[in-house]
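**Q** Provided below for reference: sequence and predicted model.
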Amino acid sequence: MSKVMELYKKYLVERDPQQKLKFAKEILDNLLTLQLNPPIWETIRKSTGLKEHEMKEILNYLEEKGEIEIKRAKDGKKLYASTIRSMKRKSKEIPLDMWISRH
């Protein structure tokens, strides 16, 4: 069983809101370390064992708690895959002062 699936099971049974939030953040952090090639949901399932609806549940929970903002289409539909891709890009960004100190 993958680490992400173990975290997801803990997330499901946890009653303490702070711990549940911690597990959800850890799952998202692990997800952002993956190489996410299209189709993104198939890649997530193969790498972590999480199904599409389970990952969407976590993203909705994090949005509900104010930790992230899920992108939306003009018609109001939630764009989960686009949100994950943009979060992954942002996680790779290096602040200018760190970049300068490395070069």
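**A** Received, thanks.
**Q** rest of the way, CA atoms for contacts and neighbours
**A** Fine.
**Q** buried sites along the helix ranked longest in the chain?
**A** Criterion DSSP state H: the longest helix present in the chain is helix 17-32. By neighbour count with 16 or more other Cα atoms under 10 Å, helix 17-32 contains the buried residues 20-21, 23-28, 31-32.
**Q** what is the mean pLDDT for that helix?
**A** Averaged across helix 17-32, pLDDT comes to 93.
**Q** before we move on, back to that, take the buried residues of helix 17-32 and lay them out in a markdown table including distance to Glu69.
**A** A markdown table is the format used below for the buried residues of helix 17-32 (distance: Cα to Cα, whole Å):
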| residue | distance to Glu69 |
| --- | --- |
| Lys20 | 18 |
| Leu21 | 15 |
| Phe23 | 18 |
| Ala24 | 14 |
| Lys25 | 13 |
| Glu26 | 17 |
| Ile27 | 16 |
| Leu28 | 13 |
| Leu31 | 16 |
| Leu32 | 15 |
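**Q** Tell me the one of those residues nearest Glu57?
**A** Ala24 (9.7 Å; Cα to Cα).
**Q** and that closest one, how far is that from Leu34?
**A** 16 Å (Cα to Cα, to the nearest Å).
**Q** cool, Met87 as well?
**A** In terms of Cα to Cα, Met87 sits 12 Å off from Leu34.
**Q** Only the buried residues of the host helix or strand of Tyr8, if you could.
**A** Assigned by DSSP states H and E, Tyr8 belongs to helix 3-13. Using 16+ other Cα under 10 Å as the test for burial, helix 3-13 gives 4, 7-8, 11.
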